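Student: Take a look and give me a structure for this.
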Amino acid sequence: MKLGPLNLITDVRGLRVGNAQNAEIKTGTTVVSGDKPFTASVHVMGGAPGTRETDLLAPDKLVPAVDALFLSGGSAYGLDAGSGVMDGLRAAGRGFAVGSMTVPLVPGAILFDLVNGGDKAWLDNPYRALGRAAFDAADVDFALGSHGAGTGATAAMQKGGLGSASAVLADGTTVGALVAANPIGSVTTPESAHFWAAPYEIDGEFGGLGVNPTANLGDLPDSKKAAAMVLSGQPMNTTIAIVATDAALTKAQCQRVAVAAHDGMARAIVPAHTPFDGDLVFALSTGDATAPVDDAALLAIGHAAAVCLSRAIARGIYHATPAENDLLPCWSATQ
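Tutor: This is a model prediction of the structure:
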């Protein structure tokens, strides 16, 4: 397994990613779009998800492909980012044809960042505009850390963030991951800056500290964020992700890859998939179904998706940058 050229999900051919954020509100949106509609599915393992149009991604549902996916801050307010993405797609002539109309299909998911030190006293929901701005900004290169859906994210002991990573398999298949990491769980081992994802790091992509040599790491890690949540009574969590490949997968195979990718979340966040998180993974394929992918190849893609997601989570936290009124420090400040 080697890095893709950019070490981003956009190493998967045909994909672009756009970010938009509001520094005062401390929130943002990230959009994944493609040169054409792509096959996608989803798997939810957290206890508190917030989603839009995910039912149509089930393998037994009629829709064969979607036009974009979005990740957003804002809790339920952030679901309106999908409307802005729809506006951009419709302006571009994209969508499912219905008579003289086109209906863009834009599933998405949100995380909770309403209690993070940002000014939330807005009168009009800002997320439709953020969704449109993120769609319009889509490119093969994009920023990580405190950008897009990762702008206001927090983890147990430090700021969260937007992360991405990619890998090229021996047969040339490319796999990538994109994540907005905002978990109640810890991305670092107890009382250290070592990432749980360290065994999967490639070329020092998130600091190169390596694996924590301390034994007995099985105890529940401390969480400044969890303590704050108890005091405020607010659920301030959720890690939402997209994994992608250029292999030609069916919707059912995409769903299986989404399931496998959750292993990567559990390897990078302790604990993951809690009752207080809405942990979710979308999986998409940009490949043309000229030849079926067999089960052995699907196993390798699912494994690579999990590894990429672990690395992406750590990269999101590693690249986070400080801002005014932050509730938690950045990982870089703990060195």
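
Student: what separates the closest residue to Leu105 other than its chain neighbours from Trp122, distance-wise?
Tutor: Nearest residue to Leu105, sequence neighbours excluded (Cβ to Cβ, 6 or more residues apart in numbering): Val66, at 4.3 Å. The C-beta positions use only the backbone N, C-alpha and C, and glycine is treated the same way. Val66 sits 29 Å away from Trp122, going by Cβ to Cβ, to the nearest Å.

Student: cool, Gly34 as well?
Tutor: 31 Å.

Student: Ser192 - how many residues pack around it?
Tutor: By other Cβ atoms under 10 Å, the residues close to Ser192 number 14.

Student: Name the residues of the biggest helix by length in the chain that come out as buried.
Tutor: Assignment by DSSP state H gives helix 295-318 as the longest helix of the chain. Buried positions in helix 295-318, judged by neighbour count with 16 or more other Cβ atoms under 10 Å: 297-298, 300-318.

Student: elements contacting it?
Tutor: strand 161-168, strand 174-181, strand 240-245, helix 251-268 (3 or more Cβ pairs under 8 Å, 6 or more residues apart in numbering; DSSP states H and E).

Student: mind running it again at 10 Å?
Tutor: Contact here means 3 or more Cβ pairs under 10 Å, 6 or more residues apart in numbering; DSSP states H and E; on that basis helix 295-318 packs against strand 161-168, strand 174-181, strand 240-245, helix 251-268, strand 280-285.

Student: returning to what we had before: so for Gly34 and Trp122, which sits in the more crowded spot?
Tutor: Gly34 (22 against 14).

Student: Verify the stated contact: the more buried one with Val106.
Tutor: No - the pair Gly34 / Val106 is not scored as a contact, 11.9 Å apart, by Cβ atoms under 10 Å.

Student: show me the contacts for the most centrally placed residue in the chain.
Tutor: Per Cα atoms, centre = their mean, the C-alpha nearest to the average position across the chain is that of Val179, at 2.2 Å. Contacts here follow Cβ atoms under 10 Å, 6 or more residues apart in numbering; on that basis Val179 touches 9, 30, 71, 144, 149-150, 153, 160-165, 239-243, 261, 264-265, 268, 281, 308-316.

Student: ok, now with 6 Å
Tutor: Contact analysis of Val179 by Cβ atoms under 6 Å, 6 or more residues apart in numbering lists Gly163, Ala241, Ala312, Ile313.

Student: Just the closest of those to Asn325, please.
Tutor: Checking those against Asn325 with Cβ to Cβ, the nearest one is Gly163 at 22.8 Å.

Student: didn't the closest one look like it was pressed against Tyr318?
Tutor: No - counting by Cβ atoms under 6 Å, Gly163 stays clear of Tyr318, with 7.8 Å between them.

Student: Distance check, the residue nearest to Glu53 when sequence neighbours are not counted against Ala333.
Tutor: Residue nearest to Glu53 in three dimensions, not counting chain neighbours: Pro107, with 4.2 Å by Cβ to Cβ, 6+ apart. Remark: distance between Pro107 and Ala333 (Cβ to Cβ) = 36 Å.

Student: which of those two has more neighbours?
Tutor: Pro107 (22 against 13).

Student: Is the more buried one in contact with Thr54, as I believe?
Tutor: Yes - between Pro107 and Thr54 there is a contact at 5.3 Å, judged by Cβ under 6 Å.

Student: which ones are touching Leu309?
Tutor: Ala177, Ala241, Ala261, Gly264, Met265.

Student: from these, which single one is nearest Ser186?
Tutor: Met265 (12.9 Å).

Student: Do you have the strands of this structure handy? List them.
Tutor: 15-22, 27-44, 51-52, 66-72, 96-98, 101-103, 108-110, 161-168, 174-181, 240-245, 280-285 (DSSP state E).

Student: Can you say which of these is nearest to Pro126?
Tutor: strand 15-22 (6.1 Å).

Student: got the angle for that closest one vs strand 240-245?
Tutor: Strand 15-22 and strand 240-245 meet at an angle of 160 degrees, taking axes from the mean of the first three to the mean of the last three Cα atoms, to 10 degrees as the criterion.
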